[in-house]
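>>> What would the 3D arrangement of this be:
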Amino acid sequence: MDPRRLVPRTDVVLADPRLSDAADRLGRVAVKAAVVAAQDLVRAGVLAPGGVADAAVAALAGPAGGLRPVLNATGVVLHTNLGRAPLSDAAREAVLAAAGNTDVEMDLASGLRAKRGRTALKALHDAVPAAGAVHVVNNGAAALVLAATALAAGREIIVSRGEMVEIGDGFRLPDLLESTGARLREVGTTNRTSVADYEDAIGPASGFILKVHPSNFTISGFTSGATVAELARLDLPVVADIGSGLLSADPLLPDEPDAAGTLKDGADLVIASADKLLGGPQAGLILGDAALVERLRRHPLARALRVDKLTLAALQATLTGPETPVWRALRTDPAALRERTLRVLAELEGNGIPVTLTESVAVVGGGGAPDVRLPSWSLSLPERYASGLRTNATPVVGRVAGGRLLLDLRCVPPERDADVVAAVLAVA
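Next up is the predicted model:
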């Protein structure tokens, strides 16, 4: 018999108590869509007719927002496809507290309007006292767009050819900057650019010098470039895009520029992302000369790029709270990680899972510190486990290499090890 004739009616499936409860939590539209998708699987011969309700319930297992929490076992600390930095417990609590009405733009003492996000901005300024002022927009690219629009629309931005980078998903720096109405004045060559190259390009049409840290690649060999300190001696503002969101120097990442050090070197403005090494929510940080920051803040475009109260709350909690998950993951002791991985391995082996321990290498990710390699350890499973773990009720994402699935627990909270075990057993 044609399986399509056996597809249960929608109203019958929706009467399942589990789906009724889901409708109260997620809304009837979302639940009905999950049922229809499961019915389509029956029509395609992929799902048995009796499994429609179960499939719909499984599809609705995530939160109301539709994004499913994932355990990051890839060994990539800042995995862009998994949302980069996981927020700290303090930041999560701050977001929940800010979800209702807040004093985001009100002084409760006077009852009058106040500067938006003033406490988060103060926390950022306290973290980088060298900045004359600070401002926050919705991501790093937005910070660069705001600077280019406010300081160089209709004018020239002087930038080295070796720093004309491409970021994720095919977005290229030249296209981004030219979309603001600014013109690019490229100087130097791909591998070598001198201070004299910048100096020779300065003229009446110059808006600012842009210094971009090539955080997602390295060029070695016959290379040279002008430093921020050298460029700061020229008669033009210097905007430095440091990318990764490192606010102060970190010995673990010696080649990553930090905001405090870059300002000390003479940059007029520093631009960075908050959801990378800072370990906070997605946001673009602008720090530097008070007059320039105010000029950006007062530009009409700033309104379109502003962050919401949830981002401000998470950012402040990240800046003032305890060590972030990113900080801890970067500093995980390999020996301790090995012992922890062995405990998980023993439990899996005890349940007949074909698993071994293997030495591996973790990376920073998120377009930062491409040369940094973190010694690590992983569970090695047959590659066939990868798909099942990704689609498990608790998704576990590892990485496939050499026909094996590697699960690196570095970025998995230790208290979630039991969930990894349960997920592997469920797939098996």
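
>>> rest of the way, CA atoms for contacts and neighbours
OK.

>>> how about the helices in the stretch 101-250 of the chain?
118-127, 140-152, 173-178, 195-201, 228-231 (DSSP state H, counting those that start in this stretch).

>>> closest to residue 69 out of the ones you listed?
helix 140-152 (24.2 Å; C-alpha to C-alpha).

>>> now the protein, which segments are flagged as low pLDDT?
For the chain, applying pLDDT under 70 flags the ranges 1-4, 62-66, 167-169, 215-221.

>>> mind checking the SS state of the residue most central in space within it?
With distances taken as C-alpha atoms, centre = their mean, residue 84 lies nearest the centre of the chain, 2.9 Å away. Following DSSP: H, G, I helix; E, B strand; the rest coil, we place residue 84 in the coil state.

>>> what sits against it?
For residue 84, the contact set (C-alpha atoms under 8 Å, 6 or more residues apart in numbering) comprises 77, 78, 275, 276, 366.

>>> hang on, the earlier thing: select, out of the helices of the stretch 101-250 of the chain, the one closest to residue 330.
From the helices of the stretch 101-250 of the chain, taking C-alpha to C-alpha, the stretch that ends up closest is helix 118-127, at 20.3 Å.

>>> Quick check: buried residues in that closest one?
Neighbour counts over helix 118-127 (16 or more other C-alpha atoms under 10 Å) mark 118, 120, 121, 122, 123, 124, 125, 127 as buried.

>>> Could you give the number of residues near residue 223?
Neighbour count for residue 223, taken as other C-alpha atoms under 10 Å: 12.

>>> Equivalent analysis for residue 11, please.
10.

>>> For residue 44, see how far away it is.
20 Å (C-alpha to C-alpha, to the nearest Å).

>>> quick one, helices of the stretch 301-428 of the chain?
Counting by DSSP H, counting those that start in this stretch, the helices of the stretch 301-428 of the chain are 309-320, 325-330, 334-350, 385-390, 417-427.

>>> Would you check that residue 149 makes contact with residue 182?
Yes - in this structure, residue 149 is within contact of residue 182 by C-alpha atoms under 8 Å, at 7.1 Å.

>>> which neighbours do these two share?
Counting by C-alpha under 8 Å, 6+ apart, nothing touches both residue 149 and residue 182.

>>> quick one on the thing from earlier: highest mean neighbour count out of the helices of the stretch 101-250 of the chain?
Counting by mean count of other C-alpha atoms under 10 Å, helix 140-152 has the highest mean neighbour count of those, with a mean of 24.

>>> how far out from the middle of the chain is it?
20 Å (C-alpha atoms, centre = their mean, to the nearest Å).

>>> repeat for stretch 306-319
Using C-alpha atoms, centre = their mean, the offset of stretch 306-319 from its chain centre is 14 Å.

>>> Same check on stretch 361-377?
That offset, for stretch 361-377, works out to 15 Å (C-alpha atoms, centre = their mean).

>>> could the buried residues of helix 118-127 go into TSV alongside distance to residue 330?
Shown next, in TSV, are the buried residues of helix 118-127 (distance: C-alpha to C-alpha, whole Å):
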residue	distance to residue 330
118	30
120	25
121	26
122	27
123	23
124	22
125	25
127	20
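
>>> Phi and psi next, for residue 188.
phi 70, psi -160 (degrees, to the nearest 10).

>>> Residue 161: what's it in contact with?
Contacts of residue 161 (C-alpha under 8 Å, 6+ apart): 186, 187, 188, 189, 190, 193.

>>> wait, residue 194 sits on residue 227?
No - using C-alpha under 8 Å, residue 194 is not in contact with residue 227; the gap is 9.1 Å.

>>> quick one, which of the two is more surrounded?
Neighbour totals were compared for residue 194 and residue 227, and residue 194 leads with 17 against 14 (other C-alpha under 10 Å).

>>> for the more buried one, what are its contacts?
188, 224, 225, 226.

>>> repeat that with 7 Å
188, 225, 226 (C-alpha atoms under 7 Å, 6 or more residues apart in numbering).

>>> Please apply the same query to residue 124.
Here residue 124 is in contact with residue 319 (criterion: C-alpha under 7 Å, 6+ apart).

>>> how near is it to residue 247?
For residue 124, the distance to residue 247 - C-alpha to C-alpha - is 9 Å.

>>> which residues are common contacts for these two?
Residues touching both residue 124 and residue 247 (C-alpha under 7 Å, 6+ apart): none.

>>> For the contacts of residue 194, please prepare a markdown table with the additional fields neighbour count and distance to residue 357.
Shown next, in a markdown table, are the contacts of residue 194 (neighbours: other C-alpha atoms under 10 Å; distance: C-alpha to C-alpha, whole Å):
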| residue | neighbour count | distance to residue 357 |
| --- | --- | --- |
| 188 | 17 | 49 |
| 225 | 17 | 43 |
| 226 | 16 | 46 |
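
>>> Closest one of the residues you listed to residue 133?
residue 226 (25.7 Å).

>>> which residues sit in contact with the closest one?
By C-alpha under 7 Å, 6+ apart, the residues touching residue 226 are 193, 194, 195.

>>> of all the residues you listed, which comes closest to residue 408?
Distances from residue 408 to the contacts of residue 226, taken by C-alpha to C-alpha, are shortest for residue 193, at 40.2 Å.

>>> Show me the domain layout of the protein.
As recorded under automatic domain parsing, the domains making up the chain are 3-59, 71-85+327-427, 89-323.

>>> Kindly check the end-to-end length of the longest one for me.
Looking at domain 89-323, the gap from its leading to its trailing residue is 10 Å under the measure C-alpha to C-alpha.

>>> Equivalent analysis for stretch 344-358, please.
13 Å.

>>> Show me the contact partners of it.
Under C-alpha under 7 Å, 6+ apart, the answer for stretch 344-358 is 377, 378, 379, 380, 381, 421.
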